[in-house]
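Visitor: Starting from these lines, generate the structure:
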Amino acid sequence: MFKKIDEASAKPVVWSAYTADVLWTDSHIAKQMLAFHLNPDLSLASRTAEFINASVDWLISEFNLSTESKTIDFGCGPGLYTQRLKTNGVGTVVGLDFSQNSLEYARKQARGSKLDIEYHYGNYLEYSDDRKFDLITLVMCDFCALNPNQRATLLGKFKSLLATDGFIALDVYTKTRFDTQTESVHLEKNAMGGFWSAEDYWCLQSNFKYEPEMVTLDKYVIFEDAREWVVYNWLQHFDLEMLASELELHGLEIKAKYSDLKGSPSPLESSDEMAVIISHK
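Guide: This next block holds a predicted model:
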């Protein structure tokens, strides 16, 4: 038992495993994630409804989105942003996600509201399109869950999809947040209210920090009667210089920076997150 727990709580090499798809493709977990998405008062899988409303209003105003505009939302989930964009008169609205469960909900909502929204199922790192978009969005710090190679792939895709005068809006976790994170180990039966499985289980959660990469990892080892499995939740943290350097490699640059995707201008130094508006160099 000592050896098993010791191995389960061991610190892996940074970015050495990728299991993000489990959160969206496992049937039980996907239902839990959708419930988190749709709770208007929680900011776990999505922002609160109040935040999303303010964010969409700001994006439409800031980028003069109209019936002629083309927008695409990477990691659209159940369509919380896409539906609001289309309801507010944006012309072409596209959403991408690899959660079949979330997309089915988004499509059902769009049909019920008679909204012409395109939804595409699959890994957005593999998406291709001949169109050029006026606004590309990637919200809820989703960029931070990608390893360096995946981020490079995505930024190259953004570059090819972005209209000449288009913009990318995304948010990321900051060094301020990284500095407050601590390493710990926690064992709990049926942790997170049964989030991981419909059956009884034990969850060993280990939290790690990686210097100087500014990466954190929440490692969950789930012990069920019939199986043992692991989920890795990696998060990259950024300062402006680091983010700008990654963008420059793809001919992109930061045009403006905010505390969030509502356009809030609060000081970045004290914030756990920052939002950036990106354009062609």
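
Visitor: host element of the nearest residue to V22 once chain neighbours are set aside?
Guide: On the basis of CB to CB, 6 or more residues apart in numbering, the spatially nearest residue to V22 that is not a chain neighbour turns out to be V231, at 5.5 Å. (Glycine included, C-beta is placed from N, CA and C.) Assigned by DSSP states H and E, V231 belongs to strand 228-238.

Visitor: List of residues touching that strand?
Guide: Identification of contacts with strand 228-238 by CB atoms under 8 Å, 6 or more residues apart in numbering yields 8, 12, 14-15, 17-20, 22-23, 141, 143-147, 151, 172-175, 177-178, 196, 213-222, 274.

Visitor: In PyMOL, how would I select just the buried ones from those residues?
Guide: PyMOL command restricting these to the buried ones, with burial defined by 16 or more other CB atoms under 10 Å:
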select buried, resi 8+14+15+20+22+23+141+143+144+145+146+147+151+172+173+174+175+177+178+196+214+215+216+217+219+220+221+222+274
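
Visitor: Of the contacts of strand 228-238, which belong to helices?
Guide: Among those, DSSP state H puts 8, 22-23, 151, 175, 177-178 in helices.

Visitor: that older thread, among the contacts of strand 228-238, which lie within strands?
Guide: Judged by DSSP state E, strands contain the following of the contacts of strand 228-238: 172-174, 215-222, 274.

Visitor: Greatest separation within these: which pair is it?
Guide: I222 and M274 (32.9 Å; CB to CB).

Visitor: that older thread, would you check which pair of the ones in helices among the contacts of strand 228-238 lies furthest apart?
Guide: Within the ones in helices among the contacts of strand 228-238, two members stand farthest from each other by CB to CB: A8 and K175, at 29.6 Å.

Visitor: which non-adjacent residue is nearest the residue nearest the centre of the chain?
Guide: The centroid of the chain falls nearest to D142 when counting by CA atoms, centre = their mean (2.1 Å). Spatial nearest neighbour of D142, chain neighbours left out: G75 (4.7 Å); criterion: CB to CB, 6+ apart.

Visitor: isn't the one you found right up against F143?
Guide: No - assessed by CB atoms under 8 Å, G75 is found out of contact with F143, at 9.3 Å.

Visitor: All the helices of the stretch 1-150 of the chain, in order from the start?
Guide: In the stretch 1-150 of the chain, the helices defined using DSSP state H, counting those that start in this stretch lie at 2-8, 22-25, 27-38, 49-62, 80-87, 100-112, 148-161.

Visitor: Show me the one of these that comes nearest N207.
Guide: Counting by CB to CB, N207 lies closest to helix 2-8 out of those; the figure is 13.5 Å.

Visitor: Who are the packing partners of the closest one?
Guide: Counting contacts by 3 or more CB pairs under 8 Å, 6 or more residues apart in numbering; DSSP states H and E, helix 2-8 is packed against strand 201-210.

Visitor: Least confident secondary structure element in the chain?
Guide: Counting by mean pLDDT, DSSP states H and E, the weakest-scoring helix or strand in the chain turns out to be helix 22-25, with a mean of 72.

Visitor: Restrict it to CA atoms and write it as CSV.
Guide: Provided in CSV are the C-alpha atoms of helix 22-25 (Å, rounded to 0.1, in the frame of the first residue of the first chain):
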residue,chain,number,x,y,z
VAL,A,22,-11.3,12.7,-20.3
LEU,A,23,-13.1,15.7,-18.7
TRP,A,24,-15.2,16.0,-21.9
THR,A,25,-15.5,12.5,-23.3
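
Visitor: Pull the distance from that helix to the chain's centre.
Guide: 13 Å (CA atoms, centre = their mean, to the nearest Å).

Visitor: I would like the residues contacting it, please.
Guide: Outside helix 22-25, the residues that touch it by CB under 8 Å, 6+ apart are 29-30, 33, 97-102, 231.
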